[in-house]
Each structure stands twice: as structure tokens, then as C-alpha cells.
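# The sequence isn't on hand, but the structure is:
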């Protein structure tokens, strides 16, 4: 998820590490804070793989800063990861939001629709956070008001997402 966010944010603009970290934190920080000790090793891995380029520029006030940009290979890798997301990228809401944030970079409406259909299929599978044996439980079947809340909120969110997915898929053709 972190590497996808790095590639995605650098697709349009070159950024220095601090600005990149701010953007990733805005997207995913409420769930998974992005520490420098996590971000910079990921940047180095992507740079070593030839997906990023680093350029040193003079700082406006302080020391020089390193500006990161995507290489052509980085652009191709981003599009590959978007076209072929892992199952967890489809099923985990936070990872899904990262895919969705950059799906426009895929560029091909058919390929975008294929990714959205995978999410639609997943959301249409019967599921719950709570089960009786193998049977998913509905909010109405629970006595615990807090668990009812979880399921009620999840149901409303899923309905909204399903409506958006169907509308977007129709517009993609």
C-alpha cells in the first residue's frame, strides 16, 4: 500500500520526501501513520529498483532537498499494480481506497472497469464481522448495540459504495 501510494503521488508531480509524506499521511495516516522510518526505506527500495529518480535541488531557506520523480519504469509499474491489484487490495477497505485514489492513472476504461467489477463482486458476497458457525449475522440478530452499530454502519457504507460502483461502471461502458 505504501509503495503504491508513493508511485501514485509521484505519477503527476515530482515531490520532496516531506511533501510526499504529508500527502500519504492525508490519504492513509488516520489508519496507518507513515513514519519516516517506514517511508524512506520504501523510497530507497523503489529507487534501487529503477522506479524512482532522485535529484538534489537547492533549498529555499535551508539545506538542499531531494526531489523524487517517477521513471518510465515507475509509471509502468504503477499501471501494472493498478491493473492487477492483489486480492487484499480489493477486500481491505484502506488498501482499496489507495487503489481507488490512483485508478485514473490506469487510463484504460476497460481496465478500470475490470478492477471496479472485482470490488463489486467482493461486496456482493455475503459477509459480516460476526458469525454463527459459518452463517454471517445481521445487525438485527444481535443484542449488543455496539456490534449492531458496526453492522449498521458497514451496511450503509456498502450500499453507498455499491451504488457508486454500479453508476461508475455504467459510465465506463
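Cool, got the structure. Note that the coordinates shown come from a computational prediction; the quantities given were computed from them, not determined experimentally. Residues are numbered from 1 along each chain as shown.
# show me the contacts for residue 149.
Residues near residue 149 by C-beta atoms under 8 Å, 6 or more residues apart in numbering: none. Any C-beta I mention is one placed from the backbone N, CA and C, and that applies to glycine too.
# tell me the mean pLDDT for the helix or strand it falls within?
Assigned by DSSP states H and E, residue 149 belongs to helix 145-172. Per-residue pLDDT values across helix 145-172 average out to 95.
# Domain ranges for this protein, per the record?
Annotated domains of the chain cover 2-83, 126-172 [automatic domain parsing].
# First-to-last residue distance for the last one?
With C-alpha to C-alpha, to the nearest Å as the measure, the ends of domain 126-172 fall 26 Å from one another.
# Same check on stretch 75-93?
Length of stretch 75-93, first residue to last, C-alpha to C-alpha: 24 Å.
# mean pLDDT lowest for which of the domains of the chain?
domain 2-83 (a mean of 89).
# Compute the first-to-last residue distance for that domain.
17 Å.
# burial of residue 21, as a residue count?
With neighbours defined by other C-beta atoms under 10 Å, the count for residue 21 comes to 21.
# next one: the one 5 residues further on
Using other C-beta under 10 Å, residue 26 has 11 neighbouring residues.
# got the contact list for it?
Here residue 26 is in contact with no residue (C-beta under 8 Å, 6+ apart).
# For residue 71, give me its contacts.
By C-beta under 8 Å, 6+ apart, the neighbours of residue 71 are 50-53.
# Revised request: answer the last question for residue 24.
2, 5-6, 9, 34, 39.
# Top of those residues by number of neighbours, please.
residue 6 (28 neighbours).
# how close does the residue nearest the centre of the chain sit to residue 33?
Centroid-nearest residue in the chain, with C-alpha atoms, centre = their mean: residue 98, separated by 1.1 Å. Per C-beta to C-beta, to the nearest Å, residue 98 is found 15 Å from residue 33.
# now do residue 5
From residue 5 to residue 33 the distance is 13 Å (C-beta to C-beta).
# can you check residue 91 too?
Where residue 33 is concerned, residue 91 sits at a distance of 22 Å (C-beta to C-beta).
# same deal with residue 162?
Distance from residue 162 to residue 33, by C-beta to C-beta: 30 Å.
# Residue 91 and residue 33 - which one has more neighbours?
The residue with more neighbours, out of residue 91 and residue 33, is residue 91; 16 against 10, by other C-beta under 10 Å.
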